[in-house]
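[1] dropping the sequence and predicted coords here.
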Amino acid sequence: MSLYARLTGWIVLLFGLGYFFIPLLGLTEFSLKARRGVYSLDAYAKIIGDTEFQATFSYSVVMALVTIAFGILIVVPTAFWVRLKMPWARPYVEFLTLLPLVIPAIVIVFGYIRLYNTSSWLPLTGTVTGTNLLLAFGYTVLALPYMYRAVDTGLRTIDVATLTEAAQSLGAGWTTILTRVILPNVLPAVLSGAFLTFAIVIGEFTLAALLDRPAFGPYLQRIGANKPYEPFALSVIAFAITWACMGLIQLVTRFSKHMKAES
Amino acid sequence: MPYLEIARLEKSFGANRVVTDFNLGVEQGEFISLLGPSGCGKTTVLRMVAGFERPSSGAIRIGSEDVVGKRPNQRNIGMVFQAYALFPNLTVAENVGFGLKIKGARRDEITARVAEMLALIGLPDLGARYPFQLSGGQQQRVALARALAPKPRVLLLDEPLSALDAKVRVSLRNEIRAIQRDLGITTIFVTHDQEEALSISDRIVVMNAGIADQVGTPFEIYNRPTTRFVANFVGQLNLFKADGAGRIGGVAVGQGDFAARPEAVHLGREAESDIVLPATVEEVHFLGSVIRVTAAAAGARIALDTFNRPDMPPPAVGSAVELSLSSRDLIPLK
Amino acid sequence: MPAPSATPRRHLPLTWLGLMPFVIFVTLFLVLPTMHIVIGAFQDRTGAFTLQNLRDLNTGTIPSSYWISVKISVASAALGCLIGFGMAAAVVFGAVPRWVKSPLMTFSGVASNFAGVPLAFAFLATFGPVGLVTVFLRNNFGIVLSRDLGFNILSFWGLTVTYLFFQIPLMILIITPALEGLRREWREAAEVLGASTAQYWRMVALPILFPSLLGTFALLFANAFGAVATAIALTGSALNIVPIQLFAQIRGDVLGNPNLGYAMAFGMIVITAIANVLYIWLRIRAERWLK
């Protein structure tokens, strides 16, 4: 490879990497500037102590867990069923799971507000619980493509039909099969989907803002409009969480490969 | 004066020596095969001739012109790859005409030449098809046409038949040889299949761990192998050890190990065969025109081929027979 | 799985039952809301069918907001494609050492998910009025970002540059497998036939990659077009892109005509749907060649 090509390659790569690291650097640097003249963790301290932060963050965490639960409940049985009994339906189901990538979140939530408002047949937005439920469902829809793809890939690597027959011959019912046989075997895939869902929900803004729920995303935006240094500290936290989720996904997939290799 | 000359060619990857002191002179229009197992360096030699690898030392001359310093696109060489390597975004006709287009030939010249090449490979109507619409054998023929269209000085083929079905392999190798003869183009053919090499080459270079063990005609390579490796690699071999006194079956042959081809061993006594060995039949395979018999004689397993004779049924497994061979047919192994 | 051919027909509805939860869920929370919007785009206040809403899309600030959205999406997609291609090529073709690839892909996976509000803050902290780079340039080189380089983070180009943060990694993730699919033999075959590097790229490699490139461009376009959180966080409502307009409309019916909001949303769906269909179609074509 010629020196010219090599040089160009390095320049492009370093430019790209710089492009990514400098904003992150700026973010971190800014977040440490709360105390005048010296770097400090004051902004972080202020946030952690802020009751609103605690409230919205825990709200979003709870929401994320609920969404993950919904996601698993809906996706795992469906993917399993399609693979086992209705393989011809797979393209259609896949298409449906890819729709959330095509239809912007803002359109979806617009539909929710119009369709499930207090004067409709399913007045979800009328109550706080109803709206929370709606938000959770909305998050599930947003995470659906990733969750489905992860679980489907995981199912592909195990022989669903044989495992089911074996379990049935031992007298297991469908619920047992799903919870005791299938789920443990696709756990790495499910966990990957779960971490991705977590990252999506924590940072999500549009749905929560328009449904007027006290989630982390809108809180972040509100803080940004009002406070000087806290938003940056918050963003560092958000980025760290995203990175942690991705890292956990990598860990889970690598660990599962070891398990597969040993068995 | 050989048309293609390779002199003292060496190649090392780091501390790994893959080609050692390779010398070869190829006459104009000759068909040479580089034969050997995987990792013997034959593909590396080919790629050095093509220009994809730089020799660590040595010279390569085509038509008395040193090409080592030249890039592959300046050597005027045609190459056919194991994986066909047809450009998937171009039609068959565009693939075949690619080299001419690069050279800047006129549109009508290209069209005429492409038609000529497609007729040569027997696929005159497939010009508008795309590679993914063709079978493996068809793709390889198109690859051949593509390599030959710009009238290269030398044709290089890197295991072109390895990816094909057995039947296609046999018919295509004969086709390649016929076209090569027609055009009289100097050719180097790399393969690990000794039957392929034996059937279509003018001469064969048997390579072993980066060294050319023997260069010769198929007849020479098969009947007079100069190293144990060549004897083992090409054709089937029966091993005989001379006893302490240098005798096999009572006949003085000298010390050491000897080999004999299956067709040299006969069932029963033959007039010309001076060595006679008692044996027990272990396996009999009736292959139609040929009967392959495996027998145990003096602790060794001997494989022999004998022609089918309607009046003589093959021996039964377990029966005692006599094997005979001529001491002149023994190949000494070093 | 042996088909239950001996099973009487009445079992067939039972298999469908297993799919019901999913179908109900998707219908209620994805399909119905979307259909409601789409149908609403074609209705007036009384519910009668009308095309007036679509015509009204051409009034006021709406056409300009679509236009700005399209421009930002095209700009960030094009630049994302270019830079992402360069980085992926540098790694795949060995201009940089092999070990760079795995960390790069991991980081791209993370960065492509880092959008929304935190991303806006990251760029504000770097290129904003008192951002890291802004201050650095001013103190060390005397360059004032907005005056001398004409760059303001709270503007069209500012948003584009911010979007690039997740567009480039997305490009890298998608194009790297395509680049690795370029077989070495194609390059060698072209070279032996006399082609230079430039000719190989022009006549073989780029045509082969073209469906992937165009398809990924479409995907990046759709990605940028639907993004709203980053824009709001960065520019407030200053930059009038469609999602922001829609956002305001949903919040408080600023257009005075709810059905017009439907039409705007419908317009968004149409655009992102076309882009995604294009992406899928081109992906299928590309895979057929790179078999």
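    Structure's in. What do you need?

[2] can you pull up the most central residue in the chain?
    Just so you know, I chose chain A. Against the mean C-alpha coordinate of chain A, by CA atoms, centre = their mean, the closest residue is A:Thr197 at 1.8 Å.

[3] my bad, chain B
    B:Ala197 (2.1 Å).

[4] what's next to the one helix or strand that residue maps to, contact-wise?
    Assigned by DSSP states H and E, B:Ala197 belongs to helix B:194-200. The contact list for helix B:194-200 (CB atoms under 8 Å, 6 or more residues apart in numbering or on different chains) reads B:31, B:33, B:35, B:161, B:169, B:173-174, B:176-177, B:189, B:191, B:204, B:218, B:221-222, B:233-235. No exception for glycine: its C-beta is placed from N, CA and C like everyone else's.

[5] how far does it sit from its chain's centre?
    Distance of helix B:194-200 from the chain centroid (CA atoms, centre = their mean, to the nearest Å) equals 4 Å.

[6] give the rounded mean pLDDT of it.
    Helix B:194-200 carries an average pLDDT of 93.

[7] what mean pLDDT does the very next helix or strand once past it have?
    Using DSSP H and E, the next helix or strand after helix B:194-200 towards the C-terminus is strand B:203-208. Mean per-residue pLDDT for strand B:203-208: 94.

[8] alpha carbons of strand B:203-208, as CSV, please.
    Extracted C-alpha coordinates of strand B:203-208, given in CSV (Å, rounded to 0.1, in the frame of the first residue of the first chain):
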residue,chain,number,x,y,z
ARG,B,203,5.5,-30.7,-18.8
ILE,B,204,4.9,-30.8,-15.0
VAL,B,205,6.8,-29.2,-12.2
VAL,B,206,6.2,-31.1,-9.0
MET,B,207,6.6,-28.8,-6.0
ASN,B,208,7.2,-29.7,-2.4
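
[9] tell me the strands beside the next helix or strand after it, with direction?
    Next helix or strand after strand B:203-208 toward the C-terminus (DSSP H and E): strand B:211-216. The pairing partners recorded for strand B:211-216 under DSSP bridges are strand B:203-208 (antiparallel).

[10] quickly check: stretch A:237-246 near chain C or not.
    Yes - residues of stretch A:237-246 contacting chain C under CB under 8 Å from any CB of the partner chain: A:238-239, A:242-243, A:246.

[11] could you give me the buried positions within that stretch?
    Going by neighbour count (16 or more other CB atoms under 10 Å in any protein chain shown), the buried part of stretch A:237-246 is A:237-239, A:241-243, A:245-246.

[12] now the helices for the stretch 1-150 of chain B?
    B:42-50, B:92-96, B:98-103, B:107-120, B:136-148 (DSSP state H, counting those that start in this stretch).

[13] among those, which is nearest chain C?
    For the helices of the stretch 1-150 of chain B, proximity to chain C was assessed by CB to the nearest CB; helix B:98-103 is nearest, at 3.9 Å.

[14] the spatially most central residue of chain C sits in which helix or strand?
    Note on chain C: the residue nearest the mean C-alpha position is C:Asn223, at 1.9 Å, using CA atoms, centre = their mean. Per DSSP H and E, C:Asn223 falls inside helix C:206-226.

[15] packing partners of that helix?
    Here helix C:206-226 touches helix C:62-92, helix C:156-180, helix C:242-252, helix C:258-289, going by 3 or more CB pairs under 8 Å, 6 or more residues apart in numbering or on different chains; DSSP states H and E.
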